[in-house]
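Colleague: Give me a 3D structure for the following:
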Amino acid sequence: MSPSSNTSIAKRARTKAEADFATWLMMAKLGGFDDLPSNAQIFLTNYRTRLETMSEAESTALAVREVYSAYYSEMGGVGAAPELKARTPTTGDKRVRSQRGPKPQPGLSASHHSTRPMIGKSLTALLIFASMVALIVAYRFLTQ
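Modeller: Residues are numbered from 1 along each chain as shown. All right, here's what the predicted structure looks like:
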């Protein structure tokens, strides 16, 4: 297998491991630990055990690494899973901002242009929040 295909498998496995672990952790916090697959329960049990001896960030990184290694081999990766740089969430002080502003749309007045992006962002955030609340309520309703 070529090194580029192993890298592709590694990237897909890492992305899937990060997303799955976050999902499993959230489901466990919402009381759905018993509904998780057995492999997810094992990873979370190991994660909780390690929390007694190390920080949450270290335990999370190690758990994601374990899930990633398992996914890498399941997806057909050859040898040990290569060490990929984990995606780190951006924080307010560390965020790199673009130097360019948004492209002006033709035909919009200056006053209309200044309020429109704010309303769109607020509406998008509101819709995402409402969807999440609806999903949680539906999940709770269906599990009772």
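
Colleague: Backbone dihedrals for the residue sitting nearest the centre point of the chain, please?
Modeller: With distances taken as Cα atoms, centre = their mean, the residue of the chain nearest its centroid is Ala19 (4.3 Å). The phi/psi pair for Ala19 (degrees, to the nearest 10) reads phi -70, psi -40.

Colleague: can you check Asn39 too?
Modeller: phi -70, psi -40.

Colleague: where's the closest residue to it other than its chain neighbours relative to Ala17, distance?
Modeller: Nearest residue to Asn39 in three dimensions, chain neighbours excluded: Ala70, at 7.3 Å (Cβ to Cβ, 6 or more residues apart in numbering). Bear in mind the C-beta positions are built from the backbone N, C-alpha and C, glycine included. The spacing between Ala70 and Ala17, counted by Cβ to Cβ, to the nearest Å, is 8 Å.

Colleague: OK, contacts around the residue nearest to the centre of the chain?
Modeller: With contacts defined as Cβ atoms under 8 Å, 6 or more residues apart in numbering, Ala19 has no neighbours.

Colleague: quick one on the thing from earlier: these two touch, right, the residue nearest to Asn39 and Ile42?
Modeller: No: judged on Cβ atoms under 8 Å, Ala70 makes no contact with Ile42 at a distance of 9.9 Å.

Colleague: helices or strands up against the helix or strand harbouring Ser59?
Modeller: According to DSSP states H and E, Ser59 maps onto helix 56-74. Under the contact criterion of 3 or more Cβ pairs under 8 Å, 6 or more residues apart in numbering; DSSP states H and E, helix 56-74 touches helix 3-29, helix 38-50.
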